[in-house]
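Asker: turn this into a structure:
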Amino acid sequence: MPGRAARTPVGQGVQRGETLLPGGSEEMKVPYQGRQVEGSPVDFLTRKEDFNEYQLEDGKVLRIKMVVTRIIRLEGETAPDGNPVYLLQSQNVVAPIG
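Answerer: Next comes the predicted model:
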């Protein structure tokens with residue numbers, strides 16, 4: 001299932017602490033700049049996910065990180081610098097402390 005972590009043994013291109021996420025194989029149409037374009041999910045490896053910390057006026061601290069759940073490469077689309085265009089599906093994780 002796309003977005004679910006696959007258990008891949010360390011030593012098969014995956015280092016300890018990393019997670020391989022399958023992108024899936026189905027092509028899809030996705031909205032991009034006001035039109036529908038073809039996109040293909042891409043397998044990816046989560047190498048590092050850090051929290052950002054924000055101090056609030058009341059002294060509390062919020063720890064926040066974005067967790068990417070799916071990456072889709074847009075077919076035939078390039079950025080102004082010539083690189084391919086990717087869309088990300090993600091989830092925000094918020095952990096209040098203090």
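Asker: the most centrally placed residue in the chain: which element?
Answerer: Central residue of the chain (C-alpha atoms, centre = their mean): Val68, 2.2 Å from the mean position. In this assignment (DSSP states H and E), Val68 forms part of strand 61-78.
Asker: quick one on the thing from earlier: just checking, the residue nearest to the centre of the chain touches Thr46?
Answerer: Yes: with contact defined as C-beta atoms under 8 Å, Val68 counts as touching Thr46 (7.3 Å). Yep, even glycine has a C-beta here, placed from its N, CA and C like the rest.
Asker: residues contacting the residue nearest to the centre of the chain?
Answerer: Contacts for Val68 were tallied using C-beta atoms under 8 Å, 6 or more residues apart in numbering; they are Leu21, Phe44, Thr46, Leu88, Gln89, Ser90.
Asker: where do the strands sit along this protein?
Answerer: 19-21, 28-32, 35-42, 44-46, 52-55, 61-78, 84-97 (DSSP state E).
Asker: can you put those strands in a markdown table and add mean pLDDT?
Answerer: Compiled in a markdown table, the strands of the chain are given as follows (pLDDT from 0 to 100):
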| stretch | mean pLDDT |
| --- | --- |
| strand 19-21 | 54 |
| strand 28-32 | 91 |
| strand 35-42 | 94 |
| strand 44-46 | 91 |
| strand 52-55 | 97 |
| strand 61-78 | 95 |
| strand 84-97 | 95 |
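Asker: hey, what's the residue nearest to the centre of the chain bridged with?
Answerer: Ser90 (DSSP bridges).
Asker: ok, so what distance separates it from Phe44?
Answerer: For Val68, the distance to Phe44 equals 7 Å [C-beta to C-beta, to the nearest Å].
Asker: partner residues bridging Leu74?
Answerer: Gly39.
Asker: near it, how many other residues are there?
Answerer: Using other C-beta atoms under 10 Å, Leu74 has 17 neighbouring residues.
Asker: wait, it sits on Val37?
Answerer: Yes: if you go by C-beta under 8 Å, Leu74 and Val37 touch, sitting 5.3 Å apart.
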